[in-house]
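1. just to be clear, the model below is a prediction. Sequence and coordinates:
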Amino acid sequence: MKQDMICLEAPFHSPFEGTINLSMSAKEAISSQPPSHKGFLTIFQDESGLGAWNRRWCSVQDNKIYYWLYPEDEVNQNKQPHGEIDLRNCKTETVSIASRLDCARPNTFVLTIMVAAQPGDRTSIITESNGKTTQTKYLLSADSREERKQWMEVLNKCLQSIHSWNH
């Protein structure tokens, strides 16, 4: 952004008289950092209309949670992630513990993602589609209370950054 600024009242003999040209730029500091967090999460997924909990190796990077079947799959260049959750589409303001009504499994937290509906989107156990938008509720379970706290802290920092930078 470039903008001319006029200096109306400069002290006598000031080098700042007349017009000052100011050029500023800003960027997100987090974008160049390595993944925020890695570890196992157990993800509730829709499998043929039935719910199933699947343990996955997860990595937070580029405002997404990528997940693989095994940790070594992440470093293997030939293995694509098994799936991803784009946090930029997260409707959840703050990640919090899942209510007992949503899930009785301990150390579980919820992320709700909303995207524009695509042809073939259908309502299921974890997804609601109304033709305009598709909303998916991800239930993610950590192995321990401490790990759940770590995941929630990292994800809340990501969401705060996304909301602050509006991307």
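-> Perfect, I can see it now.

2. thought residue 123 was touching residue 129?
-> Yes: with contact defined as C-beta atoms under 8 Å, residue 123 reaches residue 129; the gap is 5.5 Å. C-beta here means a position set from N, CA and C on the backbone, and glycine is covered the same way.

3. between those two, which is the more surrounded one?
-> residue 129 (17 against 11; other C-beta atoms under 10 Å).

4. find the nearest non-adjacent residue to residue 130, please.
-> Setting aside the residues directly before and after it, residue 130 is nearest to residue 117 in space (C-beta to C-beta, 6 or more residues apart in numbering), at 7.2 Å.

5. any low-confidence regions in this structure?
-> Scanning the chain for pLDDT under 70 picks out 1-8, 10-22, 24-35, 167.

6. the strand or helix carrying residue 39 pairs with which strands?
-> If you go by DSSP states H and E, residue 39 is part of strand 37-47. Using DSSP bridges, strand 37-47 pairs in its sheet with strand 50-61 (antiparallel), strand 133-141 (antiparallel).

7. out of these, which one sits most buried?
-> Using mean count of other C-beta atoms under 10 Å, the stretch among these with the largest mean neighbour count is strand 133-141, at a mean of 19.

8. what's the neighbour count on the closest residue to residue 151 other than its chain neighbours?
-> Leaving out its chain neighbours, the residue that sits closest to residue 151 by C-beta to C-beta, 6+ apart is residue 142, at 5.5 Å. Number of residues near residue 142 (other C-beta under 10 Å) recorded here: 21.

9. quick one, what contacts residue 142?
-> 39-42, 107-109, 148, 150-151 (C-beta atoms under 8 Å, 6 or more residues apart in numbering).

10. quick one, which of the residues you listed are buried?
-> Those of these that meet the buried threshold are 41-42, 107-109, 148, 151, by 16 or more other C-beta atoms under 10 Å.

11. for residue 101, helix, strand, or coil?
-> coil (DSSP: H, G, I helix; E, B strand; the rest coil).

12. for stretch 109-118, which positions count as buried?
-> 109-111, 113.

13. any idea which of those is the one closest to residue 133?
-> residue 113 (10.3 Å; C-beta to C-beta).

14. please give the element, helix or strand, for that closest one.
-> strand 108-116.

15. so in that sheet, which strands flank the helix or strand just after that strand, and in what orientation?
-> Scanning forward in sequence from strand 108-116 by DSSP H and E, the next helix or strand is strand 127-129. Using DSSP bridges, strand 127-129 pairs in its sheet with strand 133-141 (antiparallel).
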